[in-house]
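okay, predicted coordinates and the sequence, questions at the end:
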Amino acid sequence: MYYMPLMNNDIKVAPSILAADFVRLADAIQSAETAGADYIHVDIMDGHFVPNISIGPLVVKAVRRVTQLPLDVHLMISDPMRYVPVFADAGADGLTVHVESTPHLYRVVQQIRDSGVRPGVSLNPATPAVAISEVLDAVDLVLVMTVDPGFGGQVFNERMLRKIARVREMLDSAGSGADLEVDGGIGPRTAESAAAAGATVLVAGTYIFRASGGIAAGIDAIREAGHRGQNARFENRQKKAPVCRELL
């Protein structure tokens, strides 16, 4: 088991192996690690919760053997409680479950933590931010989907920037150190926008693994764009901060 640190102020990049060449999956993952990726993002799809089937615990176990990076495993599946122990045993360092996938979200989050894994929750585009309000104190990561989950290579939904900003406000108000992750249609332009709205982890698949300049160039471009967005956010907050004047 590899430790996933709690949020700091830096931008993290999590390449999604859904877009990698599965014939050379180990090489792609090791290239991403060498290039400075922070996490490896693994999308699990069951063909039921989402209209596609991707990979299962055997692939997660194989990925665990070829990288020292934390495995950020995104469970886009029905009945996640049934599979949490399986993916925890396979080597996941973080397990993110969808609010929409279970009527017992808090119980699943506790199950993940009890399994020794970092718990996260995810919101589909049509699900309001308020849906996670009762578990903010129990999670280490919130994932805002900027596309409907199920397929890679989709276009970023710009309307989700308001939700990212709202979740950022909720986390800050709660004093939470949870990471705010964004997944779906992430390239340099959208990475900058997402970070400016408050995201701290940027998931990118197609842009990184199919970058014309190679995986390292893709990761660098996403991180640099994220830093630009984060700097813009901090500058904007400073402009809005009240000015304290000495009393004469």
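Nice, thanks for sending it over. Since the model is a prediction, treat every value here as computed from it, not as a measurement.

longest helix of this protein?
helix 215-240 (DSSP state H).

how close does residue 238 sit to residue 164?
Distance, residue 238 to residue 164, by Cβ to Cβ, to the nearest Å: 20 Å. C-beta here means a position set from N, CA and C on the backbone, and glycine is covered the same way.

ok, back up a step: so how far is the longest helix of the chain off the chain centroid?
Distance, stretch centre to chain centre, for helix 215-240: 16 Å (Cα atoms, centre = their mean, to the nearest Å).

that one: which residues count as buried?
215-216, 218-223, 225-226, 228-230, 233 (16 or more other Cβ atoms under 10 Å).

and which of these is nearest residue 125?
Minimum distance to residue 125 across the buried residues of helix 215-240 is 19.9 Å, recorded for residue 229 (Cβ to Cβ).

which residues touch the residue nearest to the closest one when sequence neighbours are not counted?
Using Cβ to Cβ, 6 or more residues apart in numbering and skipping residues adjacent in sequence, the residue nearest residue 229 is residue 195, 3.1 Å away. Counting by Cβ atoms under 8 Å, 6 or more residues apart in numbering, residue 195 touches 11, 202, 225-230, 233.

what packs against the helix or strand bottoming out on mean pLDDT in the chain?
Among the helical and strand segments of the chain, the one scoring lowest on mean pLDDT, DSSP states H and E is helix 215-240, with a mean of 92. Other helices and strands packing on helix 215-240, by 3 or more Cβ pairs under 8 Å, 6 or more residues apart in numbering; DSSP states H and E, are strand 12-15, helix 25-34, helix 188-197, strand 201-204, helix 206-209.

am I right that residue 143 sits in a strand?
Yes: under DSSP: H, G, I helix; E, B strand; the rest coil, residue 143 falls within a strand.

neighbours of it, just the number please.
By other Cβ atoms under 10 Å, the residues close to residue 143 number 29.

ok, now how distant is it from residue 30?
Counting by Cβ to Cβ, the gap from residue 143 to residue 30 is 25 Å.

repeat for residue 83
Distance from residue 83 to residue 30, by Cβ to Cβ: 27 Å.

more crowded one of these two?
Taking neighbours as other Cβ under 10 Å, residue 83 and residue 30 compare with residue 83 leading, 19 against 16.

which residue packs closest to the more buried one, ignoring adjacent ones?
Closest residue to residue 83 apart from its sequence neighbours, by Cβ to Cβ, 6+ apart: residue 77 at 6.3 Å.

what do you get for residue 228?
Sequence neighbours aside, residue 192 is the residue nearest to residue 228 in space, at 5.1 Å (criterion: Cβ to Cβ, 6+ apart).

ok, residue 225 - contacts?
Shown in contact with residue 225 (Cβ under 8 Å, 6+ apart): 187-189, 191-192, 195.

avg pLDDT for stretch 137-156?
For stretch 137-156, mean pLDDT rounds to 92.

where does the chain have low pLDDT?
Along the chain, segments meeting pLDDT under 70 span 1-9, 241-248.

and the helices in it, which stretches?
Applying DSSP H to the chain gives helices spanning 25-34, 57-66, 80-90, 105-114, 160-173, 188-197, 206-209, 215-240.

report the inter-axis angle for the last one versus helix 160-173.
To tie it back to what came earlier, the one meant is helix 215-240. Note on geometry: by axes from the mean of the first three to the mean of the last three Cα atoms, to 10 degrees, helix 215-240 and helix 160-173 are set 70 degrees apart in direction.

tell me how many other residues crowd the residue nearest to residue 10 when sequence neighbours are not counted.
Spatial nearest neighbour of residue 10, excluding adjacent residues (Cβ to Cβ, 6+ apart): residue 200 at 7.7 Å. Residues lying near residue 200 (other Cβ under 10 Å) number 23.

I figured residue 200 was touching residue 14, is that so?
No: using Cβ atoms under 8 Å, residue 200 is not in contact with residue 14; the gap is 10.7 Å.
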